[in-house]
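A.B. asks: For reference, the sequence and a predicted model appear below.
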Amino acid sequence: MAQLPPVDIFDYIVFGATGDLTMRKLLPALYYRYRDGQIPDEARIIGTARSPLSRADFQGRAEKALHNFVKPADLDPDTARRFLDLVHYVSLNGAEADSTWPALKSLLAEAPADRIRVYYLATAPGLYGQICENLSNQGLVTEQSRVVLEKPIGTDLQSANAINDGVGRHFPENHIFRIDHYLGKETVQNLIALRFANPVFERLWSSDAIEYVQITAAETVGVEGRGPYYDKSGALRDMIQNHLLQVLCLVAMDPPGSLEADSLRNEKLKVLHALRPITPDDVATYTVRGQYTCGKEGDKTLAGYLEDLGEDATSSTETFVAIRAEVHSWRWGAVPFYLRSGKRMAEKCSEIVIQFKAAPWSIFATKPPANRLVIRIQPDEGVTLSVSTKDPTPTDSLALRQADIDIAFEKAFGTRYPDSYERLLLDVVRGDPVLFIRRDEVEAAWRWADPILQGWAEDKVKLEPYPAGSWGPEAARALLARSGHQWHEDMA
Ligand SMILES: NC(=O)C1=CN([C@@H]2O[C@H](COP(=O)(O)OP(=O)(O)OC[C@H]3O[C@@H](n4cnc5c(N)ncnc54)[C@H](OP(=O)(O)O)[C@@H]3O)[C@@H](O)[C@H]2O)C=CC1
Ligand SMILES: O=C1O[C@H](COP(=O)(O)O)[C@@H](O)[C@H](O)[C@H]1O
C-alpha cells in the first residue's frame, strides 16, 4: 500500500484524556498512524484531565489501551515503546482558570512556538467554551493552534450556538474541527465513490427508481458505564443528530462540483435544509423511541437500561430511535429515509439499504422482487446488490432465481480497514476540513432535531420498552409496515 508522507511535527493536547474515547479510539488510532510512519518522532501526545496521574501512570494506561484495542498482530513491542515515548500527561482541569496551567505551559514551551498544536476536547460538550477561554487566557492559542470538538455539540440548537460562539471567540472557523467519526469511516467515504464514480448508480439515485432508504446504526452494547453522559443525551442526540444525519446527507445529496471541503459541505447542507420538519404534533406519526429492558443474548441475561444506570435509577431517556425522515427536493419527492439507532440491539450493524422500485410489469411466471442495494458500513464492510437471474435448474422455462453481486472490501482489496479516527486525527494536523462538520451543518441538524425532542418532552410519543438483544420496539416495525415497507432483517 502506498505510504502517505508523514505529517508535520505536532503537539496533540487531549482534554479528557483518561476517558473512554481516548483510550478506546484516540490512542490506538495515533499508534496505527505512528506505526505506518505518518507521525514524526518529535511529535507529542499530551493527555490532560483532573485525575492526579504521573506521566508514567498515564503511559501505563496508554499501554494498556494499546493492548486492549490494537489487534495483537499489529502491536509491535518496539513500536509501542517508541510510541509511548511521545505520550505525556498533565493533571489539569481545563475547565478551571486557576488550574495547574503552568505545567502545561512549560511543557508546550519546550517546543518551537510555531509548532502545530491540536487541542482535542474529549470532555462533555458543556466544557468546551470554558476550556477554550482558559487556553486563550493562558496565551496558549497560537497561529498554528486548532481545536477539535467532539459530538454531540450541545444538547439543542441554543446550547450548540452558545458552544460554537464560545469556541469561536478564541479560534477562527477554519481552525475549528467538529469531528463526526462516521465521516472517517472508509465505508462512509466510499458512498462518494460509489455514487459519483459509477454512473450506473447515480443515474438511478432518485425517487424515479428508489422506493425507500433505510439507515441503521445498531449496537449490541448497552450504556457501558457512560450513564452520566448518555442519560442526558439519549439516542437521538448521541447518534441521529450527528452520525446518521451525516450519512443521510451523503446518501441524499446532489453531486458536488469537486471534492473540495465547502463544495461537499454545501451539498450536505442543502439536504439538511430540505429535511421535512417533524413538528411536536407530528412526532407520533414519524418517530418511535424506546428503552431497552432486560433480555437475553443466547443463554446470557442482559440487564435493562435502568439497571445499567444503577440502583433505583429512573429515566425516560431513549436508547432506541426510529424516524421516518423525508428530503423534500426534486430528486427525492417524498421518498422515506428511515433512520434507526439503538443500544442493546440484536446485532452490531451499521448499514444503508437502498430499496429500489419493482418492475412496472412482469413477463415472468413470478413477479421479480425489486432490486436492493445494501451498503455495509460495519462490520463486514462491503456492498451487495441483489438481482434476479435465470434459474439454471433444468425446468425448460425461464424461471427466476435471486443472486447477489457482492464486494467484501477487505477481501477484495486485501488491506486492513483503518479505524475512522486514524485519518481524521491527522487531517486536523494537515488542516484539511473536508471530513469535518461546518457550523451551519450543526445548526441545521439541531433545527430539525429540536422539535422532535420537544414533542417527546411533551410525552407525545410513548417510550416503548424493548428486550435487550432484540431489534427494538414493535412500533418501529409498524412505522414502516404502514407504507408496506420492512426493516432489512424482516425482508425475504
Ligand atoms: N466514548 C465514545 O465512544 C465516544 C465519545 N464521544 C464524545 O467524546 C467525549 C468524551 O467521551 P468519553 O471519553 O466517552 O467520556 P468519559 O466520561 O469516559 O471521559 C470524560 C473525560 O473528561 C474528563 N473530565 C470530566 N469532567 C471534567 C472536568 N470538569 N474538567 C476536565 N475534565 C473532565 C474525565 O477525566 P477526569 O475525571 O480525570 O477529569 C475523562 O477523562 C464526549 O463528548 C462524548 O460525547 C464521541 C464519540 C464516541
Ligand atoms: O458517537 C458514538 O458512536 C459510538 C458508536 O460508534 P461506532 O463507530 O462503533 O458505530 C456509540 O457507541 C457512542 O454511544 C456514540 O457516542
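C.D. replies: The structure has been received and is ready for your questions. Owing to the predicted nature of the structure, the values given are computational and were not obtained by experimental measurement. Residues are numbered from 1 along each chain as shown. Ligands and ions are numbered 1, 2, ... in the order given.
A.B. asks: Nearest to ligand 2: which residue in this protein?
C.D. replies: Taking CB to the nearest ligand atom as the measure, the point where the chain comes nearest ligand 2 is Asp238, at 4.8 Å. From N, CA and C alone the C-beta is placed, and that goes for glycine too.
A.B. asks: quick one: contacts for that residue?
C.D. replies: Asp238 sits next to 152, 230, 341 when contact means CB atoms under 8 Å, 6 or more residues apart in numbering.
A.B. asks: what do you get if the cut-off is 7 Å, keeping everything else the same?
C.D. replies: Asp238 sits next to 152, 230 when contact means CB atoms under 7 Å, 6 or more residues apart in numbering.
A.B. asks: gap between it and Ile131?
C.D. replies: 21 Å (CB to CB, to the nearest Å).
A.B. asks: Could you say whether the closest residue to ligand 1 within the stretch 301-450 of the chain sits in a helix, a strand or coil?
C.D. replies: Ligand 1 sits closest to Tyr421 of the stretch 301-450 of the chain, with a gap of 9.3 Å, by CB to the nearest ligand atom. Look at Tyr421: counting by DSSP: H, G, I helix; E, B strand; the rest coil, its state is helix.
A.B. asks: That one reaches Arg24, doesn't it?
C.D. replies: No - counting by CB atoms under 7 Å, Tyr421 does not reach Arg24; the two are 9.7 Å apart.
A.B. asks: More neighbours: which of those two?
C.D. replies: Higher neighbour count among Tyr421 and Arg24: Tyr421, with 22 against 15, using other CB atoms under 10 Å.
A.B. asks: Model confidence at the closest residue to the more buried one other than its chain neighbours, what's the number?
C.D. replies: Leaving aside its sequence neighbours, Tyr421 sits nearest to Ala29 (CB to CB, 6 or more residues apart in numbering; 3.8 Å). Note on Ala29: pLDDT of 98.
A.B. asks: what do you get for Ala2?
C.D. replies: On pLDDT, Ala2 comes in at 56.
A.B. asks: now do Leu53
C.D. replies: 97.
A.B. asks: that older thread, identify the residues contacting the residue of the stretch 301-450 of the chain closest to ligand 1.
C.D. replies: Here Tyr421 is in contact with 25-26, 29, 181, 184 (CB under 7 Å, 6+ apart).
A.B. asks: What does Thr293 show for phi and psi?
C.D. replies: Main-chain dihedrals, Thr293, degrees, to the nearest 10: phi -110, psi -180.
A.B. asks: Find the nearest non-adjacent residue to it, please.
C.D. replies: Once flanking residues are discounted, Thr293 sits nearest to Gly304: 4.1 Å by CB to CB, 6+ apart.
A.B. asks: okay, now that neighbour: neighbour count?
C.D. replies: Using other CB under 10 Å: Gly304 sits among 20 other residues.
A.B. asks: Would you agree it is in contact with Gly290?
C.D. replies: No - using CB under 7 Å, Gly304 is not in contact with Gly290; the gap is 11.5 Å.
A.B. asks: Surely the residue of the chain closest to ligand 2 is within a helix?
C.D. replies: Yes - Asp238: assigned to a helix according to three-state DSSP.
A.B. asks: Tyr119: what's it in contact with?
C.D. replies: Here Tyr119 is in contact with 13, 15, 135, 145, 147 (CB under 7 Å, 6+ apart).
A.B. asks: As TSV, those with neighbour count, pLDDT and distance to ligand 2 would be great.
C.D. replies: Below are the contacts of Tyr119 laid out as TSV (neighbours: other CB atoms under 10 Å; pLDDT from 0 to 100; distance: CB to the nearest ligand atom, whole Å):
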residue	neighbour count	pLDDT	distance to ligand 2
Ile13	27	98	21
Phe15	27	97	17
Leu135	24	97	24
Ser145	21	98	25
Val147	24	98	18
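A.B. asks: From the residues you listed, pick the one nearest Glu464.
C.D. replies: Comparing the contacts of Tyr119 against Glu464 with CB to CB places Phe15 closest, at 37.1 Å.
A.B. asks: Look up how far ligand 1 lies from the residue nearest to the spatial centre of the chain.
C.D. replies: With distances taken as CA atoms, centre = their mean, the residue of the chain nearest its centroid is Tyr182 (3.3 Å). From Tyr182 over to ligand 1 the distance is 10 Å, taken as CB to the nearest ligand atom, to the nearest Å.
A.B. asks: For that residue, which non-adjacent residue is spatially closest?
C.D. replies: His243 (4.2 Å).
A.B. asks: Surely that neighbour is within a helix?
C.D. replies: Yes - membership of His243 in a helix is supported by three-state DSSP.
A.B. asks: who touches it in this structure?
C.D. replies: Contacts of His243 (CB under 7 Å, 6+ apart): 180, 182, 217.
A.B. asks: just checking, what packs against the longest helix seen in the chain?
C.D. replies: Counting by DSSP state H, the longest helix found in the chain is helix 439-457. Packing contacts for helix 439-457, counted by 3 or more CB pairs under 7 Å, 6 or more residues apart in numbering; DSSP states H and E, involve helix 157-168, helix 261-274, helix 283-286.
A.B. asks: Let me know the pLDDT of the residue of the stretch 301-450 of the chain closest to ligand 1.
C.D. replies: Note on Tyr421: pLDDT of 97.
A.B. asks: Tyr417 is in contact with Glu410, correct?
C.D. replies: Yes - Glu410 is in contact with Tyr417 according to CB under 7 Å; the separation is 5.7 Å.
A.B. asks: what residues are shared contacts of these two?
C.D. replies: Glu381.
A.B. asks: Before we move on, what's the pLDDT of the residue nearest to Ala111 when sequence neighbours are not counted?
C.D. replies: Using CB to CB, 6+ apart and skipping residues adjacent in sequence, the residue nearest Ala111 is Asp11, 6.0 Å away. You'll see Asp11 listed with a pLDDT of 98.
A.B. asks: roughly how far apart are Asp11 and Leu107?
C.D. replies: Counting by CB to CB, the gap from Asp11 to Leu107 is 9 Å.
A.B. asks: and what of Gly37?
C.D. replies: 25 Å.
A.B. asks: Tell me which of those two has more neighbours.
C.D. replies: Using other CB under 10 Å as the criterion, Gly37 and Leu107 rank with Leu107 on top: 18 against 11.
A.B. asks: who are the neighbours in contact with the closest residue to Leu191 other than its chain neighbours?
C.D. replies: Here the nearest residue to Leu191 in space, its sequence neighbours aside, is Leu250; by CB to CB, 6+ apart that works out to 4.4 Å. Shown in contact with Leu250 (CB under 7 Å, 6+ apart): 188, 191-192.
A.B. asks: Repeat that for Phe337.
C.D. replies: Counting by CB under 7 Å, 6+ apart, Phe337 has contacts 213, 215, 248, 252, 325-327.
A.B. asks: Export those residues as JSON lines, with columns for distance to His273, pLDDT and neighbour count.
C.D. replies: Below are the contacts of Phe337 laid out as JSON lines (distance: CB to CB, whole Å; pLDDT from 0 to 100; neighbours: other CB atoms under 10 Å):
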{"residue": "Val213", "distance to His273": "18", "pLDDT": "98", "neighbour count": "21"}
{"residue": "Ile215", "distance to His273": "19", "pLDDT": "98", "neighbour count": "24"}
{"residue": "Leu248", "distance to His273": "13", "pLDDT": "98", "neighbour count": "23"}
{"residue": "Ala252", "distance to His273": "12", "pLDDT": "98", "neighbour count": "25"}
{"residue": "Ala325", "distance to His273": "13", "pLDDT": "98", "neighbour count": "22"}
{"residue": "Glu326", "distance to His273": "13", "pLDDT": "98", "neighbour count": "18"}
{"residue": "Val327", "distance to His273": "10", "pLDDT": "98", "neighbour count": "25"}
